[in-house]
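Enquirer: need a structure here:
(one chain, ligands or ions: 1)
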Amino acid sequence: MGFRIGFGVDFHQLAEGRDLMLGGVQVPHTKGAVGHSDADVLLHAICDALLGAACLGDIGVHFPDTDMQYKNIDSKKLLQHTIELIKKEGYTVINIDSTLCLQVPKIKPFIAQMQQTIAAIIGVTERDISIKATTTERMGFVGREEGLVAYATVLLAPIP
Ligand SMILES: [Zn+2]
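Expert: Numbers count the residues shown, from 1 in each chain. Coordinates of the predicted model:
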C-alpha cells in the first residue's frame, strides 16, 4: 500500500531556429520547441507527473522560468533534480506511461533512445518507461504544427 499516482501535461510552441529535444534526445527537424529551458515537452510532463504524485506542486514552482539559472537548461537536469525530491519524500518510481502529440516528424525511430535516457536518470529499466506518440489528424494547433503536447502518468511506491 501507499502507492501514489501522478499525472502531468506540458505544451510548447514550435518555431524555426530551435533544436527539438524530446525525452532527452535531439530529434532532427526543421523546427524546435520554444521555452526558457531546452523546452523538452516530454521530460517536463514527466517531471510534473512525478511532482504531482508526491503532491509537491508543479514544475514551475521548482524551476521558475523567471530564474536565469534555468535559461536553456538541459531538462535532463530538471528530471534528475525532480527524482532527488521524490526520493527525499521516501518514494521510488514503479513505472511511467506517456504520450507525445505532434504532427511531424515521426518519432518512432527515437523512442528506444528516449526510453534508455529516461530510465538511466530515474534508475529503472527501459520497460518501465512507456513512450507512445500520436498525431491529432491535422486538427488544432498540433495539427497545424504550431506546437506540441506531452502527457505522462507515473506510479510511485514507498521506498521499502
Ligand atoms: Zn515545458
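
Enquirer: part of a helix, is Ala15?
Expert: No: read with DSSP: H, G, I helix; E, B strand; the rest coil, Ala15 is strand and lies in no helix.

Enquirer: Mind listing the residues bridging to the residue found closest to Ala39 once you drop the neighbours it is linked to in the chain?
Expert: Distances taken as Cβ to Cβ, 6 or more residues apart in numbering place Ala33 nearest to Ala39, at 3.6 Å, with adjacent residues excluded. C-betas here are computed from N, CA, C, even on glycine. Counting by DSSP bridges, Ala33 forms beta bridges with Leu14.

Enquirer: In contact with Ala33, which residues?
Expert: Ala33 is in contact with His12, Gln13, Leu14, Arg18, Leu20, Met21, Ala39, Asp40, Val41, Gly147, Leu148, counting by Cβ atoms under 8 Å, 6 or more residues apart in numbering.

Enquirer: Going by neighbour count, which of these comes out on top?
Expert: Ranked by the number of neighbours (other Cβ atoms under 10 Å), the contacts of Ala33 place Asp40 first, at 30 neighbours.

Enquirer: Alpha carbons of stretch 97-109, in CSV - could you do that?
Expert: Extracted in CSV, the C-alpha atoms of stretch 97-109 (Å, rounded to 0.1, in the frame of the first residue of the first chain):
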residue,chain,number,x,y,z
ASP,A,97,3.4,5.9,-19.2
SER,A,98,3.4,8.8,-21.6
THR,A,99,2.1,10.1,-24.9
LEU,A,100,3.6,12.7,-27.2
CYS,A,101,1.2,14.6,-29.5
LEU,A,102,2.9,16.1,-32.6
GLN,A,103,2.1,16.1,-36.3
VAL,A,104,5.7,15.8,-37.6
PRO,A,105,8.3,14.4,-37.5
LYS,A,106,7.8,10.6,-36.9
ILE,A,107,9.5,9.9,-33.6
LYS,A,108,9.2,6.1,-33.6
PRO,A,109,12.9,5.7,-34.5
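
Enquirer: Fine by me, we can end here.
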